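In: below: sequence and its predicted model.
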2 protein chains.
Amino acid sequence: MGEEKTHGEKLGKLREIVKAVDICMLTTVDEGGHLRSRPMSNNREVEFDGDLWFFTYGSSHKVDEVGRVPKVCASFADIDGQQYASVTGWAEVVRDRAKIEELWQPQLKAWFPEGTQTPDIALLKVEAERAEYWDGSQSMVAHAVSLVSSLVTGEPAQLGENEKLDLK
Amino acid sequence: MGEEKTHGEKLGKLREIVKAVDICMLTTVDEGGHLRSRPMSNNREVEFDGDLWFFTYGSSHKVDEVGRVPKVCASFADIDGQQYASVTGWAEVVRDRAKIEELWQPQLKAWFPEGTQTPDIALLKVEAERAEYWDGSQSMVAHAVSLVSSLVTGEPAQLGENEKLDLK
């Protein structure tokens, strides 16, 4: 079932998909325990190193939701390119001024009219734990990427090669 | 904040997005309680009437998952067209022969080599309860669509107009 990829190769491909797609659907658990998603930009200029970063308002519904249940899933879909990724992780709200300044992009002004000084501006950080991607150019083979051990501790990750036909 | 849409208009737009995007990321809750998603085709020829239908294998991981926790979210993203939809609902496995024959599409043969006679072939039905869509052509206004009452009982749905800037 295809050639075995190294963790680094898989992570590289995952990064490529995250960067190229940029706008994901972020799924959270709402107050009734239902899953819901909304489009969010992953700030294209930031290299995905295991954390996703989204600008948001601190008073937004999704911030409430992740305050109660921090489990989230970010879904990236490039339908024309037949590339998909699912990033499973933990979300938290970050209000650190320095981080907001570091990640700020001018085009965000459409949503945050006063720039980094917009009242209630915040970041939603998603610490990725596991991810899976599907690469259509390889007949829709899925690769699972374990992020938690290698990125956080520097130890080798469980590769968890997970090839399957999942586009049904 | 924009003109008020009727439930019918919102549902029409939601149908349009679901049909045009076709391949969604279906998020389920896994055995550890984590959210994960995978690309699935909603069988483009079928008109969305409140239920999504996906072909699958009865022994697949996601079938296990929805057997334990039936709550799912289907995310549709058309990034170029700036149209997005989140469909929240309940999933169940359907093995009804007549339904499988009814929904079958020839191009599914890539995944189910023996067609509708492929061993273990099944349908994953998602009964939509709520949905939300974002229409970029209207400066990314979000519309919430309550599906449960109008579609299931025929009574008018709560409109729940929910306009917000959610693409951050």
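Out: Nice, I can see it.
In: and the top strand by length along chain A, is it in reach of chain B?
Out: Longest strand of chain A, by residue count under DSSP state E: strand A:121-135. Yes - Strand A:121-135 comes into contact with chain B (C-beta under 8 Å from any C-beta of the partner chain), by way of A:129, A:130, A:132, A:134. C-beta coordinates here come from the backbone N, C-alpha and C atoms, glycine included.
In: please enumerate the strands of chain A.
Out: Under DSSP E, chain A gives strands at A:23-29, A:35-41, A:51-57, A:71-78, A:83-94, A:121-135, A:141-146.
In: buried stuff in the longest strand of chain A?
Out: Across strand A:121-135, burial judged by 16 or more other C-beta atoms under 10 Å in any protein chain shown covers A:121-135.
In: point out where chain A drops to low pLDDT.
Out: For chain A, the stretches flagged by pLDDT under 70 are A:1-3, A:45-46, A:137-168.
In: for the longest helix anywhere in chain A, buried residues please.
Out: When chain A is parsed with DSSP state H, its longest helix is helix A:7-21. Buried residues in helix A:7-21, counted by 16+ other C-beta under 10 Å: A:7, A:10, A:11, A:13, A:14, A:15, A:17, A:18, A:21.
In: same check, this time on stretch A:69-87
Out: Buried positions in stretch A:69-87, judged by neighbour count with 16+ other C-beta under 10 Å: A:70-79, A:82-87.
In: relative to chain B, how far out is the residue lying closest to residue A:92 once chain neighbours are set aside?
Out: Once flanking residues are discounted, residue A:92 sits nearest to residue A:125: 5.4 Å by C-beta to C-beta, 6 or more residues apart in numbering or on different chains. Per C-beta to the nearest C-beta, to the nearest Å, residue A:125 is found 13 Å from chain B.
In: list the contacts of residue A:125.
Out: A:51, A:52, A:53, A:91, A:92, A:93, A:94 (C-beta atoms under 8 Å, 6 or more residues apart in numbering or on different chains).
In: related to what we said a few turns ago, any chance of the strands of chain A in a markdown table, plus distance to residue A:107?
Out: Output for the strands of chain A, formatted as a markdown table (distance: least, C-beta to C-beta, whole Å):
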| stretch | distance to residue A:107 |
| --- | --- |
| strand A:23-29 | 12 |
| strand A:35-41 | 9 |
| strand A:51-57 | 11 |
| strand A:71-78 | 19 |
| strand A:83-94 | 20 |
| strand A:121-135 | 15 |
| strand A:141-146 | 29 |
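In: and the ones you listed: which comes nearest residue A:100?
Out: Distance to residue A:100, taken as C-beta to C-beta, is lowest for strand A:121-135 among the strands of chain A, at 6.2 Å.
In: just to revisit the earlier point, so which of the buried residues of stretch A:69-87 reach chain B?
Out: A:71, A:72, A:73, A:75, A:76, A:77, A:78, A:79, A:84, A:86.
In: now for these, which pair is the farthest apart?
Out: The widest separation within these (C-beta to C-beta) is 25.9 Å, between A:71 and A:79.
In: ok, what's across the strand from residue A:131?
Out: Here residue A:131 sits in beta bridges with residue A:87, residue A:145, as judged by DSSP bridges.
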